[in-house]
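Enquirer: Predicted model, plus sequence, below.
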Amino acid sequence: MPKHRKRKIKEFQSTIRRKIRKLELMLDKLSSSESDSSESTQDTSDSQESVLSAQSQSVQQVCQSSDLPNQQEHPEFSIEALLGSRPQNETEEGAEIAPELAVRWESFLLCGLDKEVRKKLLEQWIVPRNCKSLRAPSLNPEVQALLSPIDLKKDKFIENLQEIIGKGITAEGTALTKILEHSNTDPSITQALVDSGKLLTDMFHNISLHRKYQLYKYFNDAVKKIASQQKIDTYLLGSDFTEKCKLAKTVENTAQELIKNREQQPSTSRHLNSQRPNYKKRMKTEERRGGERYVTYNKQTKKPARDRRMKKDPQYYTRNRIQRN
């Protein structure tokens, strides 16, 4: 430990000792004067109690006369206005249906239908002649070749679900048709069936859109754009999907050929501010080889010069070297 810190600790200890001594002396004086001033202490205690009671009364008056907001005088400071309305976590419940119907539907929702019952119902209800869109759209044959076996199974499972929903809408439509034929039925019954049909048909359409979206990962950007614009009919991507893809490919190839021809075609126009082409100069060199004179032309490039004679007869230099030897 450094010396200056030790010095500070010693000084601190000495000051504490001095204060302790002073306190001991004061306690001795108080103890000696207690017997003489017992009566005076009683008077002082009474005076202190009166002071405390006066202070408590003044505090109560201040609290009563304070400007704290009162709910009756200031309704805008109510708890609901400050904190908002109480949250409603409970879901709203509608009117009860028939008990016998509720029991059966609860069983169907939790456990499902028996296979034989489901098969019988699907065979019983046939899609009407004037509403063939209730049949689930099939996958285009040219797209089936792109999908993996797992994705094909997934799409087929969703297609079967659409078939079941379509048969359910068919059954509901049949009942609604019979109700509309009799004008004396309750309008609320008709409205309930119409609303149910709207929800079911919208769900049918959303399932078709989901099936289309799952195919986009197999397409490039051009085909994806065409598929997103196709309308659903008996096929998921439309019956004319293949023709439109071929037409788009033909247009793309034609556009590329036009661009190539335009690049290859030389420009005949010459602008005054255009830079002249940089023609490389050719340098003429003469040399003698084997007593004969040869002339070579070389462009100003990094490649070495080539003799014209070498182009015509590549074995010239080797033959001449053999003759000299």
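Expert: Looks like it came in fine. Keep in mind that what you see is a predicted model, and the values were worked out from it rather than measured.

Enquirer: Go ahead and confirm Tyr216 touches Gln230.
Expert: No. Counting by C-beta atoms under 8 Å, Tyr216 does not reach Gln230; the two are 11.8 Å apart. For glycine as for every other residue, the C-beta is placed from the backbone atoms N, C-alpha and C.

Enquirer: Now do the same for Gly84: its pLDDT.
Expert: Among the per-residue scores, Gly84 holds a pLDDT of 71.

Enquirer: Strands of the stretch 151-300 of the chain, start to end?
Expert: For the stretch 151-300 of the chain, applying DSSP state E, counting those that start in this stretch gives strands covering 282-289, 292-299.

Enquirer: Which one of Tyr216 and Gln230 is surrounded by more residues?
Expert: Gln230 (17 against 11; other C-beta atoms under 10 Å).

Enquirer: so what's that one up against?
Expert: Leu237, Gly238, Asp240, Phe241, Lys244 (C-beta atoms under 8 Å, 6 or more residues apart in numbering).

Enquirer: Would you mind listing which of these are buried?
Expert: Burial by neighbour count, 16 or more other C-beta atoms under 10 Å: within the contacts of Gln230 this picks out Leu237, Gly238, Phe241, Lys244.

Enquirer: Can you tell me which of those is nearest Thr185?
Expert: Using C-beta to C-beta, Gly238 comes nearest to Thr185 of those, at 39.6 Å.

Enquirer: Would you confirm that that closest one contacts Gln229?
Expert: No. Counting by C-beta under 8 Å, Gly238 sits too far from Gln229 to count as a contact (9.1 Å).

Enquirer: quick one: contacts for Glu96?
Expert: Taking C-beta under 8 Å, 6+ apart, one finds Ala102 in contact with Glu96.

Enquirer: ditto for Ile179
Expert: Thr185, Ile189, Thr190, Leu193.

Enquirer: wait, isn't Leu180 in contact with Ile189?
Expert: No. Applying C-beta under 8 Å as the test, Leu180 and Ile189 come out as separate, 10.9 Å apart.

Enquirer: Tell me which stretches of the stretch 1-150 of the chain form helices.
Expert: For the stretch 1-150 of the chain, applying DSSP state H, counting those that start in this stretch gives helices covering 3-34, 38-64, 79-83, 99-111, 115-124, 141-144, 149-181.

Enquirer: List the buried residues for the shortest one?
Expert: By that I understand helix 141-144. Those buried within helix 141-144 under the rule 16+ other C-beta under 10 Å are Val143.
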